[in-house]
Each structure stands twice: as C-alpha cells, then as structure tokens.
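Visitor: Whatever this is, show me its structure:
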Amino acid sequence: MLLEERQKRPSKEAGRVIVMDWFTPAVLTDSEVALVKFTEVPLKVFVNEFNDYVAQGMKIFNMVNSREVALALRVAGVKLPSDRVEMTIDDVRYIAPGSLIFYVYIDDKASEPLKIYKIELKG
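Guide: A predicted model of the protein is given here:
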C-alpha cells in the first residue's frame with residue numbers, strides 16, 4: 001500500500017510513516033479498529049525498515065510523546081531524521097488510514113522498546 005502511494009505521488013513526501021510510542025483506543029474509532037491489523041515486528045527488522053523509509057525520503061511523524069519515541073529509536077539504533085513533526089490525536093485520525101504505523105511499546109524502567117507492532121489496514 002505504501003509503495004503504491006509513492007508511485008502515485010512521486011514527490012519527496014509521498015510516503016508517510018507514523019511512529020507512535022503509545023497506542024490507545026482513542027486514536028481510532030471502533031469502525032477503524034475493525035479494519036486494522038497488528039503484526040509484531042522484531043526489533044532488528046524494525047530498525048532496518050525504518051532506516052529504509054528515512055533513506056527513501058519519507059516523512060516521519062512522531063505522536064503522543066515524542067521524547068520517549070525518540071529515546072526508544074536511539075536505543076534501537078535508528079537514525080533520526082531532522083524534520084520530525086509532532087501531531088495531535090485528531091491528526092492521527094486523519095493520517096492513519098493512508099499510512100503505515102509502527103506502535104512501539106516502551107518499558108518505562110528500561111526506556112527500551114519491549115514490543116513493536118506494524119499496524120496496517122486489513123484487505
């Protein structure tokens with residue numbers, strides 16, 4: 001789905017990746033949750049995929065608590081882009097249907113990612 005989006009709009013910001021450190025039911029409506037699939041992603045795969053997205057010039061969006069996400073990504077070895085954007089929950093609702101979302105669950109004590117999920121639209 002993300003590849004198709006990039007082909008349709010070849011501009012630098014055609015692809016979008018949303019990185020979230022805390023995913024709550026408030027982010028998506030009930031009907032949207034029914035259309036979303038959660039897939040656990042190993043940390044090494046996440047790092048490689050994320051760095052590929054950055055190298056392709058995709059826009060990276062930070063949500064909810066950007067400081068913890070940035071910390072988690074530094075721990076994971078991800079290269080952080082300079083053009084980070086903070087957005088509100090309402091903005092997430094707008095962007096999520098056309099985007100690839102990574103949900104990063106962080107251990108509060110260790111400040112490291114415990115589990116990472118790729119969130120995609122079903123079908």
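Visitor: Tally up the residues packed near Y53, please.
Guide: 21 (other C-beta atoms under 10 Å). Any C-beta I mention is one placed from the backbone N, CA and C, and that applies to glycine too.
Visitor: before we move on, what about P42?
Guide: As a burial measure, P42 scores 10 neighbours (other C-beta under 10 Å).
Visitor: Flag every buried residue along the helix or strand hosting F46.
Guide: Applying DSSP states H and E as the criterion places F46 in helix 43-55. Using 16 or more other C-beta atoms under 10 Å as the test for burial, helix 43-55 gives L43, F46, V47, E49, F50, Y53, V54.
Visitor: now for that helix, which elements pack on it?
Guide: strand 16-20, helix 66-76, strand 112-121 (3 or more C-beta pairs under 8 Å, 6 or more residues apart in numbering; DSSP states H and E).
Visitor: pLDDT (mean, whole number) over it?
Guide: Helix 43-55 carries an average pLDDT of 83.
Visitor: now, among the buried residues of helix 43-55, which is nearest to I116?
Guide: F46 (4.7 Å; C-beta to C-beta).
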